[in-house]
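Sequence first, predicted coordinates after that:
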Amino acid sequence: MRVLLVGAGGREHALAWKIAQSPLCEHLWIVPGNPGTATLGTNVDLAADDAAGIVGLATREQIDLVVVGPEAPLVEGLGEVCEAVDLAMFGPSSEAAQLEGSKAFAKMIMLEAGVPTAAAHTFDDSAAAIAFVEADQQAWVVKADGLAAGKGVIVPEDGDVAATISAIRELAATNAGTRLVLEEKLTGPEVSLLALCDGERAIPLIAAQDHKRIGDNDTGGNTGGMGSYAPAPILPYAEAQALVDVIFAPVLRIMAARNIPYRGVLYAGLMLTPNGVKVIEFNARFGDPETQALLPLLKSDLLELLHKVATSNLADVSIEWHDGAAVCVVLSAAGYPSKPRTGDVITGLDRLPSDVLAFHAGTATNAQGELVTAGGRVLGITAVAPTLREARDKAYAASELVQFAGKYQRSDIAARGLAQ
């Protein structure tokens, strides 16, 4: 099978790494890719949102399957462009991807499907949202309706009305915040549950947990994710499978009834509250950095699974997993998440043990041929071991071998998993 993977981050490096292992993979192209994916296939210098360029490349190279990593090309309609030329693609249509592209749309679908979620109100402008909060005198979680690279949610402290109003003004000033969603603040641990969906059926992956805040103990600003681990002990696989009938199947039915079948991976961000499991968000793609912890544990052929999803053929499919646990520690650049510095030389990757994975996220090669930082999240160091504690220790030991000026990492990745 000739495969074209779209994206350039750590998630895409992990996807490329797993796809390349498949005996079904004849050759892999990555658009645009990064220095890590270049070792697994052919990087092509096209933007991930260049739909015409991607389809042109797919036609020239006789691509059998397009796999889309990031959310933006999905929301912008790459699926429809591929469908128009009869090109199989893993990932939802732009309409279906609104489950991530619009928090208001996702909330509407959840309520229509009877999926447990937080109470919420949608506002088309910040003035109306502020007026509501001033009258209500309660703190609300503030969410930008559109895509915001994982940074479109602000959670004020309990009862802090002023902070809620400040958050409304902050998000309203972004492109993603022209419409705002105010959501009831829930309490409880969060967990990421992803499911492969072929329009009718959903098969869950093992649960993972990520770490969204920049600082230890979940302090500081939101990021795209500072690390992850799987499986999450707080949501055993049997319980994850039971949630298919509670979350994924009802959503698939509603989407199909609207004539917008959902094919791809559906990521449910869950909160385990005292009143049961609640969905706090949907994403229309693999999580980053959850993917970097999930795929090393996957025993099944990923490419075969992706193709079955794209061709609506998940009937009688089961997913096999390796025993053990995986931990991914993200190494970020100086200044991340507000103003990450780029161009710092990276050393030490050649010193990593052979069984430790370094997934490139924000890296590039400079004019001297040196590997340098090129984004906020630079590398994801992933280790697999029989136990979560061993995997964590192994990942942190390996991360100390990799150096660049201004390197930062959280010191508590997977600590909550050990406590569970």
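All right, it came through fine.

element containing the residue nearest the centre of the chain, please.
The centroid of the chain falls nearest to Gly287 when counting by Cα atoms, centre = their mean (1.8 Å). Assigned by DSSP states H and E, Gly287 belongs to neither a helix nor a strand.

Residue ranges of each domain in this structure, please.
By the record's domain assignment, the chain is partitioned as 2-91, 120-183, 190-310, 325-419 (automatic domain parsing).

gap between the two ends of the third one?
The one in question is domain 190-310. 29 Å (Cα to Cα, to the nearest Å).

so how far is it from its chain's centroid?
9 Å (Cα atoms, centre = their mean, to the nearest Å).

And for stretch 382-400?
On Cα atoms, centre = their mean, the centre of stretch 382-400 falls 21 Å from the chain's centre.

Count the residues that sit near Val44.
15 (other Cβ atoms under 10 Å). C-beta: built from backbone N, CA, C; applies to glycine.

Kindly confirm whether my reading is correct that it touches Val31.
Yes. Counting by Cβ atoms under 8 Å, Val31 is a contact partner of Val44 at 4.9 Å.

what do the two both touch?
Leu57 (Cβ atoms under 8 Å, 6 or more residues apart in numbering).

And the biggest strand by length in the chain, what's buried?
Counting by DSSP state E, the longest strand found in the chain is strand 263-273. By neighbour count on 16 or more other Cβ atoms under 10 Å, the buried set for strand 263-273 is Arg263, Gly264, Val265, Leu266, Tyr267, Ala268, Gly269, Leu270, Met271, Leu272.

what's the pLDDT at the fifth one?
What the model reports as pLDDT for Tyr267 is 99.

Just confirm it contacts Val191, I think it does.
No. With contact defined as Cβ under 8 Å, Tyr267 does not count as touching Val191 (11.2 Å).

Tell me who's in contact with the residue lying closest to Pro92 once chain neighbours are set aside.
Leaving aside its sequence neighbours, Pro92 sits nearest to Gly264 (Cβ to Cβ, 6 or more residues apart in numbering; 4.4 Å). By Cβ under 8 Å, 6+ apart, the contact set of Gly264 is Val68, Leu74, Phe90, Gly91, Pro92, Ala96, Leu196, Cys197, Ala284, Arg285, Val309.

how much space is there between the third one and Met1?
Translated: Phe90. The gap separating Phe90 from Met1 is 12 Å, by Cβ to Cβ, to the nearest Å.

where do the helices sit along the stretch 301-420 of the chain?
302-310, 388-399, 415-419 (DSSP state H, counting those that start in this stretch).

What is the neighbour count of His322?
11.

Quick check on it: phi, psi?
The phi/psi pair for His322 (degrees, to the nearest 10) reads phi -80, psi 150.

what do you get for Leu87?
Residue torsions, per degrees, to the nearest 10, at Leu87 are phi -110, psi 120.

what helix or strand does Trp29 sit in?
strand 27-32.

what's next to that strand, contact-wise?
By Cβ under 8 Å, 6+ apart, the residues outside strand 27-32 that reach it are 2-8, 12, 16, 19-20, 37-38, 40-48, 50, 53-54, 57, 61, 63.

mind running it again at 6 Å?
2-6, 8, 16, 19-20, 37, 41-46, 54 (Cβ atoms under 6 Å, 6 or more residues apart in numbering).

Now the buried members of these.
3-6, 8, 16, 19-20, 37, 41, 43, 46, 54.

and those as a markdown table, adding pLDDT?
As requested, the buried ones among the contacts of strand 27-32 are exported to a markdown table (pLDDT from 0 to 100):
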| residue | pLDDT |
| --- | --- |
| Val3 | 99 |
| Leu4 | 99 |
| Leu5 | 99 |
| Val6 | 99 |
| Ala8 | 98 |
| Ala16 | 99 |
| Ile19 | 99 |
| Ala20 | 99 |
| Thr37 | 99 |
| Gly41 | 99 |
| Asn43 | 99 |
| Leu46 | 98 |
| Ile54 | 98 |
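
and the residues you listed, which of them are in helices?
Secondary structure from DSSP state H places Ala16, Ile19, Ala20, Ile54 of these in helices.

need the contact list for the last one.
So that's Ile54. Val31.

how far away is it from Ala361?
21 Å.

Give the residue spans of the stretch 301-420 of the chain that score low on pLDDT.
Scanning the stretch 301-420 of the chain for pLDDT under 70 picks out nothing.

can you give me the strands in it?
325-332, 356-360, 363-365, 371-373, 377-385 (DSSP state E, counting those that start in this stretch).

Most tightly packed of those?
strand 325-332 (a mean of 28; mean count of other Cβ atoms under 10 Å).

Tell me which stretches of the stretch 151-300 of the chain form strands.
153-154, 180-183, 190-198, 202-204, 209-210, 213-215, 219-222, 227-230, 263-273, 276-283.

got those as a markdown table, with distance to Val378 columns?
Shown next, in a markdown table, are these (distance: least, Cβ to Cβ, whole Å):
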| stretch | distance to Val378 |
| --- | --- |
| strand 153-154 | 23 |
| strand 180-183 | 32 |
| strand 190-198 | 22 |
| strand 202-204 | 31 |
| strand 209-210 | 17 |
| strand 213-215 | 14 |
| strand 219-222 | 18 |
| strand 227-230 | 13 |
| strand 263-273 | 23 |
| strand 276-283 | 22 |
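
Out of these, flag the one nearest Leu388.
strand 227-230 (6.4 Å; Cβ to Cβ).

List the contacts of that closest one.
206, 208, 210-211, 289-290, 293-294, 326-330, 410, 413-414, 417.

now swap in stretch 37-48 and tell me
The contact list for stretch 37-48 (Cβ under 6 Å, 6+ apart) reads 6-7, 13, 16, 20, 28-33, 53, 70, 73.
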